[in-house]
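Q: quick one, what's the 3D model for this:
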Amino acid sequence: MAKVSEKVSNVIDQSDYLSRDLSWLKFDERVLDQARSPHRTLMERLKFLAITASNLDEFFTIRVGSLYNYLDYHKQRVDYSGLREIPFKKALFTATQKFSVAQQAVFTEDLLPLFAKSELRIVQLTDLTSNEQSFANDYFDRTVYPTLTPMLYDYTHIFPVLLAKVLIFGVVTQNTDAANGRKIVSDDEDDRQRLSFVQIPANLPRFMTFDRPNETLFLPIEEIVRHNIKKLYRNVEILSANLFRITRNGDFTLEESDDAEVDFIDEIKQKIKNRRLGRVVRVEIETVNYDEPGVQWMINLLKKRWEIDDYNLFQAASLIDFTGLWQIIKHPDFKDDMPVPHVPVPPLGLARPGFNREKLADIFETIRERDLLLHHPFNNFEPVIQLLEQAAEDPNVLAIKLTIYRLAKHSRVTEALLKAAENGKHVSVLFEVKARFDEENNIREAQRLQRAGCFVIYGISSYKTHTKLLLVVRSEGDRVVQYAHLSSGNYNEDTSKMYTDIGLLTANEVITRDIAEFFNVITGHSLPNRYQYLITAPRNMRTQLIELIRVEAENAKKGVPSGICIKINSLEDKTVIDELYKASQAGVPVRLIVRGICCLRPKRVGLSENITVRSIVGDYLEHTRIFYFHNNGKRKIYGGSADIMVRSLDRRIESLFLLADERVQQQAIHILNYNLRDNVNAYELNEDGNYQKCEVPEGQEPFDIHKRFFEVNWSDVMQARLFEGEHQEKTIPEIHLEEQEERAIANI
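A: Next up is the predicted model:
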């Protein structure tokens with residue numbers, strides 16, 4: 001395996017910033033770490049291994065694809081690490097090769113030995129009984145064989161279009177003279193051998209299953225094809241047949257059309273098709289025996305054809321494509337090996353008569369009474385769905401406005417909006433059809449809404465709409481009341497069970513007025529001077545975040561209390577990072593909780609000594625965004641959809657929303673506090689760019705937030721603090737009454 005040179009390592013180490021792409025790989029290493037954990041069940045560990053494979057597929061499709069956009073068109077690019085495009089390519093591929101080897105080792109050394117104990121085996125055809133082998137061969141003849149098409153490449157046949165992320169056999173055969181059937185003898189390998197490809201359709205199950213009394217066997221489909229591949233090459237000598245899988249560049253820049261809306265949708269559909277034809281950036285191939293006839297010749301031909309080198313070749317000692325493990329993970333025989341999902345708990349303040357853990361007696365009355373902070377998946381997503389469904393049926397509701405980025409496949413959100421339109425309500429939906437890999441589903445759902453009479457907007461100019469906002473306008477007597485939901489996560493009831501997110505339900509007139517203004521901006525030509533409770537991108541989010549950071553720096557210089565705590569998915573924007581560095585140098589304690597990419601280098605002497613960064617990786621995908629600024633006791637806390645990334649601040653419609661209600665503020669502080677206390681799922685980022693797993697201190701109990709958040713009460717919330725010396729917030733009397741009421745109800 002290639003190694004990064006000492007010179008390159010020095011450049012990386014000396015940079016004040018961490019490479020975005022290398023940082024992303026560190027995140028996938030933390031996910032792979034979950035697959036190593038002996039505290040997890042076998043199915044859980046297989047799940048995390050499959051997730052790393054899916055993550056890596058997207059990484060090569062998008063991030064490595066983006067790098068090749070520079071390499072192929074001879075554009076200059078300087079990575080955050082300080083490296084130019086070619087040395088950075090070598091550093092990146094060296095890291096990905098190392099990670100790929102680690103994936104294979106986890107599977108072969110850690111997980112395969114556990115299979116026997118779980119009555120599960122991944123087998124070869126020779127491991128089966130004669131009857132089972134006959135059944136597998138019959139399956140090939142009846143089902144698989146008709147779907148296979150050998151695609152020849154030689155001087156009379158053009159190189160075929162091979163699909164990305166499917167299993168392919170590269171078959172080298174002995175060339176023969178068509179006239180007499182004899183082998184062609186030549187010093188030129190191109191004359192002696194012929195190359196063809198056999199793609200295994202992706203819609204066939206990856207494994208053929210055999211149920212025995214005491215075990216379940218999984219036979220990979222590639223082994224069935226390998227055993228029967230001669231049936232595709234009758235009377236031809238096969239010299240070698242090697243399985244491989246390619247990944248193509250799927251990164252593209254969508255240029256907005258000024259033509260009619262339908263043309264814009266057609267353009268996106270064409271971009272989706274073009275993903276199939278992008279340049280090859282990775283070839284995964286089963287461990288190669290170079291002594292086998294034709295193998296080296298085939299590899300050289302592929303490298304030349306696809307303009308790749310040895311960096312792009314990833315040899316697999318076991319399975320190629322661990323995403324296929326999902327078939328095993330979801331097999332009904334092993335469902336007991338997955339942990340039982342926790343039952344969501346009521347949001348604080350709702351454990352009262354009329355709340356049955358899911359449905360509120362009257363969603364509008366509840367929201368009018370108080371702001372509610374939902375913390376998913378620990379709180380059910382049902383109140384949000386109920387707001388939409390009740391609004392759709394309520395004759396007093398005049399309008400519903402919503403931004404959509406990703407939806408569930410069988411979306412109750414869509415159904416509620418269709419019902420609202422059917423009932424004559426005004427429904428405005430900003431549908432982001434450019435949501436990566438969800439474009440087709442979003443186009444389909446958007447067109448359903450449009451046909452039903454909803455006012456649908458397909459994105460804004462060249463920006464992606466990533467913000468998550470819902471506004472319901474309701475006539476109540478002689479006035480109109482607006483109800484809002486603002487969130488860090490998508491309107492997707494499926495992912496709300498797997499992703500941690502926060503959502504605010506409110507009837508606060510200031511914030512609902514801001515949201516109404518915001519919808520006027522994105523659906524019309526309104527340009528408000530400044531929102532009171534919203535911070536929006538691309539308009540001024542970076543500027544306002546910098547203002548908030550600078551206030552903390554000035555307070556620290558004056559010797560008054562200061563502190564910043566931010567929880568996001570990714571931190572990449574250099575301008576904001578530089579301001580955090582300055583705040584650290586001024587003495588501001590900065591606590592960052594960054595799930596994935598982090599380009600800020602913490603704990604560097606003279607640069608970032610007062611900054612700590614931790615990442616939470618565990619049972620749920622961390623997706624919450626919270627921004628806390630001490631502000632000398634007059635705390636400012638925001639939730640929202642935005643990360644601190646160039647794309648979020650410059651190329652997306654994003655929003656952060658102020659948490660104005662005191663109890664909601666304290667709940668947000670509690671969420672951050674628990675994230676900083678976790679010693680089960682947490683990793684600390686060191687100055688050298690490596691992450692260190694947090695261990696449970698001797699004599700202390702494990703603190704796992706993915707379990708503790710199901711047990712939260714008001715006492716926990718009120719005691720939460722983020723910084724030493726933080727003053728005691730005034731008591732909120734109603735909370736103590738609610739806590740007593742909740743306990744009384746719990747005892748009934």
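Q: need the three-state assignment for S23.
A: Classification of S23 using DSSP: H, G, I helix; E, B strand; the rest coil returns helix.
Q: just give the closest residue to it, not the sequence neighbours.
A: I597 (4.8 Å; Cβ to Cβ, 6 or more residues apart in numbering). Quick note: C-beta positions are derived from backbone N, CA and C, even for glycine.
Q: kindly report the same for L114.
A: L42 (5.1 Å).
Q: and that neighbour, what is it in contact with?
A: Contacts for L42 (Cβ atoms under 8 Å, 6 or more residues apart in numbering) come out as 111, 114-115, 117-118, 120, 337.
Q: dump those residues to JSON lines, plus pLDDT.
A: Shown next, in JSON lines, are the contacts of L42 (pLDDT from 0 to 100):
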{"residue": "L111", "pLDDT": "96"}
{"residue": "L114", "pLDDT": "92"}
{"residue": "F115", "pLDDT": "89"}
{"residue": "K117", "pLDDT": "83"}
{"residue": "S118", "pLDDT": "85"}
{"residue": "L120", "pLDDT": "91"}
{"residue": "D337", "pLDDT": "85"}
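Q: return the per-residue confidence for the residue nearest to S23.
A: What the model reports for I597 is a pLDDT of 97.
Q: check contacts around it.
A: By Cβ under 8 Å, 6+ apart, I597 lies in contact with 20, 23-24, 27, 569-572, 645.
Q: now tabulate the residues you listed in CSV and tack on neighbour count.
A: As requested, the contacts of I597 are exported to CSV (neighbours: other Cβ atoms under 10 Å):
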residue, neighbour count
R20, 20
S23, 24
W24, 21
F27, 23
N569, 22
S570, 20
L571, 25
E572, 26
M645, 21
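Q: any idea which helix or strand carries M298?
A: Assigned by DSSP states H and E, M298 belongs to helix 295-306.
Q: mind saving the C-alpha coords of the longest helix seen in the chain as PDB?
A: Ranked by residue count, the top helix of the chain under DSSP state H comes out as helix 85-105. What follows is helix 85-105, C-alpha atoms only, in PDB (Å, rounded to 0.1, in the frame of the first residue of the first chain):
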ATOM      1  CA  GLU A  85      -4.700  18.600  -6.200                       C
ATOM      2  CA  ILE A  86      -2.200  15.800  -7.200                       C
ATOM      3  CA  PRO A  87      -0.400  15.400  -3.900                       C
ATOM      4  CA  PHE A  88      -3.800  15.600  -2.200                       C
ATOM      5  CA  LYS A  89      -5.100  12.900  -4.400                       C
ATOM      6  CA  LYS A  90      -2.300  10.600  -3.300                       C
ATOM      7  CA  ALA A  91      -2.900  11.400   0.400                       C
ATOM      8  CA  LEU A  92      -6.700  10.900   0.000                       C
ATOM      9  CA  PHE A  93      -6.400   7.600  -1.800                       C
ATOM     10  CA  THR A  94      -3.800   6.300   0.600                       C
ATOM     11  CA  ALA A  95      -6.200   7.000   3.500                       C
ATOM     12  CA  THR A  96      -9.200   5.400   1.600                       C
ATOM     13  CA  GLN A  97      -7.100   2.300   0.800                       C
ATOM     14  CA  LYS A  98      -6.200   2.000   4.500                       C
ATOM     15  CA  PHE A  99      -9.800   2.400   5.500                       C
ATOM     16  CA  SER A 100     -10.900  -0.200   2.900                       C
ATOM     17  CA  VAL A 101      -8.400  -2.700   4.400                       C
ATOM     18  CA  ALA A 102      -9.800  -1.900   7.900                       C
ATOM     19  CA  GLN A 103     -13.400  -2.700   6.600                       C
ATOM     20  CA  GLN A 104     -12.300  -6.000   5.300                       C
ATOM     21  CA  ALA A 105     -10.500  -6.900   8.500                       C
END
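Q: any idea how far whichever helix or strand comes after that helix is from the middle of the chain?
A: Using DSSP H and E, the helix or strand that follows helix 85-105 in sequence is helix 112-115. Relative to its parent chain, helix 112-115 has a centroid offset of 28 Å by Cα atoms, centre = their mean, to the nearest Å.
Q: same question, stretch 338-349
A: A distance of 22 Å separates the centroid of the chain from that of stretch 338-349, by Cα atoms, centre = their mean.
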